[in-house]
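A.B. asks: build me a model:
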Amino acid sequence: MEINKTVSDSIKLSRSEVFKIKDGNRIYNGPDQSWYPKGFQRLAGCGPTSCSNIIWYLSQTREEYKRLCPYDGATYKGFLKLMEDVWEYVTPGLMGLNKIEKFEQGVVEFGEDKGFHLSCDLLEIPEKNKMDEEKIKAAFDFVEHALKQDLPVAFLNLHNGNLHNLESWHWVTIYESDREHGLVSILDQSRLKEIDLRHWLRNTNKGGGFVTVY
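C.D. replies: Coordinates of the predicted model:
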């Protein structure tokens, strides 16, 4: 059943159009890890791809962070260069990028090498965690606190909670939250999706977490 929503239902980034990427006549809704040139990068590159979204958004929405990305990320070639730079810091291992702390460490090191002091807020969702209403509220509070500051949120899920439109063991980027209906909107492999975050919080077996970059 289609949900009828009003503008007041959701909290979202002020400039989500920043994620539009052009490649000739084609326009992508954000990047895709399949753009990486190497096989392992394409297989495990969701974390650095999500991080690249966040770095690009900061560089385009805050004058003081403009130098975070020296490339034209509005183009396929430019964004891929950013993704390759980020890979050197936010680097998946044999198990992928399976810890939010690894994401944080890479972001901080990336910022230092670019001449910026970046820091992260983290919210871990433990494995086999029983999410009551208080904990669900805390998760939405975390996401919406970031979005109200015009900051995207990196979201790691290690088990998709049986959501049909979300891969397990995967990072995506949250750009909008609709707490009333339990939903968030995400960038995932050049697609815009709406997923049931409340359902995920209640049903994931392996947990995951959220990261905000400042």
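
A.B. asks: drop to CA atoms for contacts and neighbour counts, all remaining ones
C.D. replies: Fine.

A.B. asks: assign the residue nearest the centre of the chain to helix, strand or coil.
C.D. replies: By Cα atoms, centre = their mean, the chain has its centre lying nearest to residue 173, at 2.1 Å. Following DSSP: H, G, I helix; E, B strand; the rest coil, the label given to residue 173 is strand.

A.B. asks: kindly state the pLDDT recorded for it?
C.D. replies: Note for residue 173: predicted pLDDT of 98.

A.B. asks: same question for the one 3 residues further on.
C.D. replies: What the model reports for residue 176 is a pLDDT of 98.

A.B. asks: need the contact list for it.
C.D. replies: Applying Cα atoms under 8 Å, 6 or more residues apart in numbering, one finds that residue 176 lies in contact with 10-13, 147, 184-186.

A.B. asks: restricted to strands, list these.
C.D. replies: Among the contacts of residue 176, the ones falling in strands (DSSP state E) are 11-12, 184-186.

A.B. asks: tell me how far residue 30 lies from residue 159.
C.D. replies: Separation of residue 30 from residue 159 (Cα to Cα, to the nearest Å): 23 Å.

A.B. asks: neighbour count: the two, which is higher?
C.D. replies: residue 30 (28 against 20; other Cα atoms under 10 Å).

A.B. asks: and which of the ones in strands among the contacts of residue 176 is nearest residue 71?
C.D. replies: For the ones in strands among the contacts of residue 176, the minimum distance to residue 71 (Cα to Cα) is 23.5 Å, reached by residue 186.

A.B. asks: distance of the closest residue to the closest one other than its chain neighbours relative to residue 196?
C.D. replies: Leaving aside its chain neighbours, residue 186 sits nearest to residue 174 (4.4 Å; criterion: Cα to Cα, 6 or more residues apart in numbering). Taking Cα to Cα as the measure, residue 174 falls 12 Å from residue 196.

A.B. asks: which neighbours do these two have in common?
C.D. replies: Common contact partners of residue 174 and residue 196 (Cα under 8 Å, 6+ apart): residue 184.

A.B. asks: which one of the two has more residues nearby?
C.D. replies: Comparing residue 174 with residue 196 by neighbour count (other Cα under 10 Å), the higher total belongs to residue 174, at 29 against 18.

A.B. asks: my guess is that one contacts residue 151. True?
C.D. replies: No. Using Cα atoms under 8 Å, residue 174 is not in contact with residue 151; the gap is 9.3 Å.

A.B. asks: any idea where the strands of this structure begin and end?
C.D. replies: With strands called from DSSP E, the chain shows them at 11-12, 20-23, 26-29, 120-125, 153-157, 170-178, 183-188, 191-196, 208-213.
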